[in-house]
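1. Have a look at this fold, sequence not included:
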Ligand SMILES: NC(=O)c1ccc[n+]([C@@H]2O[C@H](COP(=O)([O-])OP(=O)(O)OC[C@H]3O[C@@H](n4cnc5c(N)ncnc54)[C@H](OP(=O)(O)O)[C@@H]3O)[C@@H](O)[C@H]2O)c1
């Protein structure tokens, strides 16, 4: 079943490419593909659902597909959604996925998976340093490694975008107390992706050169991550819709590769 869907994704691209080469009429727009990490719930699930509604090919990855009920229901009702097992801290699993998707164009690589890591473990004076490693593994190393493994899939695509779900709390200019490790992880993610953006721009490979890298704050969103904190929150539907609009309008709004933006489209201070 899974192999058939991967094949179908591949076939979509081959058929489109062959048709456009042979005919004299303008080429059909290709079906774009997005790969999302952490698509089991929250913002990641909502991104998968909305991209599926837009008719994109959706590679929805999550740690435990067998317990991702909402995602399973989505994939069961849509032929354009495929679920892949992926823990972004499991290097072997990441490698295996990259090998299976070798040569498949991915228009948008969406690094969404992230953890807060627990408030009590990151209070100054009682830091639990094991939490630091856990948070960095998911929020920083995972996304960086996804980019290393899938950069050529993105380079092969039409849209060529690498998007990372960051957070405004990673902004050093807007720093406030608490959640030390989590905030540091998002600052590190921002810096690392900014560097990758510049490295890709300077690449000798013309396809890699065109890749844009984005960092998007999703808003304060009502998910398990945000918990029951009594502050105003938006729903995952609104957040995902905003994120998708920012991604789609990248060129219209003249955003630069490496920019740090909000889901509303406004630029954020570093
Ligand atoms: N919610 C907010 O207010 C807010 C604000 C700013 C930024 N963000 C960022 O938005 C992103 C999504 O957050 P959310 O609010 O949707 O949180 P969420 O509801 O807690 O969802 C987090 C997702 O990440 C996945 N995940 C965790 N560890 C993983 C790992 N090792 N490998 C693969 N997937 C993993 C979870 O999978 P499981 O189901 O397997 O646990 C889940 O699908 C995160 O990067 C977060 O930092 C959120």
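-> Yep, it's here. As the structure is a computational prediction, the values presented were derived from the model and not from experiment.
2. Where does pLDDT dip in the chain?
-> Applying pLDDT under 70 to the chain flags residues 1-29, 252-254.
3. Contact residues of it facing the ligand?
-> For the chain, the contact set with the ligand under C-beta under 6 Å from any ligand atom comprises 37-38, 40-44, 62-64, 87-89, 112-115, 138, 165, 167, 217-218, 220-221, 223-226. Heads up, the C-betas are built off the backbone N, CA and C, glycines and all.
4. Check which residues of stretch 125-138 are buried.
-> Judged by neighbour count using 16 or more other C-beta atoms under 10 Å, the buried positions of stretch 125-138 are 131, 132, 134, 135, 136, 137, 138.
5. Show me those that map onto helices.
-> If you go by DSSP state H, the buried residues of stretch 125-138 have 131, 132, 134, 135, 136 in helices.
6. my read: the fourth one touches residue 119, true?
-> The one in question is residue 135. No - the criterion here is C-beta atoms under 8 Å, and residue 135 misses it with residue 119 at 12.0 Å.
7. what ranges do the strands span in the stretch 151-270 of the chain?
-> Assigned by DSSP state E, counting those that start in this stretch, the stretch 151-270 of the chain shows strands spanning 161-165, 212-217, 260-262.
8. Show me what the last one is packed up against.
-> To tie it back to what came earlier, the one meant is strand 260-262. Strand 260-262 sits against strand 212-217, with contacts defined as 3 or more C-beta pairs under 8 Å, 6 or more residues apart in numbering; DSSP states H and E.
9. next one: phi and psi at the residue most central in space within the chain?
-> The centroid of the chain falls nearest to residue 110 when counting by C-alpha atoms, centre = their mean (1.6 Å). Recorded main-chain torsions at residue 110 are phi -110, psi 100, according to degrees, to the nearest 10.
10. Okay, it and residue 118: tell me how far apart.
-> The gap separating residue 110 from residue 118 is 25 Å, by C-beta to C-beta, to the nearest Å.
11. before we move on, back to that, with mean neighbour count added, can I get the strands of the stretch 151-270 of the chain in a markdown table?
-> As requested, these are arranged in a markdown table below (neighbours: other C-beta atoms under 10 Å):
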| stretch | mean neighbour count |
| --- | --- |
| strand 161-165 | 26 |
| strand 212-217 | 24 |
| strand 260-262 | 20 |
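12. how about TSV for those, with distance to residue 152 added?
-> Formatted as TSV, those follow (distance: least, C-beta to C-beta, whole Å):
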stretch	distance to residue 152
strand 161-165	12
strand 212-217	15
strand 260-262	25
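13. Tell me which of those lies nearest to residue 72.
-> The closest of those to residue 72 is strand 161-165. By C-beta to C-beta, the value is 22.3 Å.
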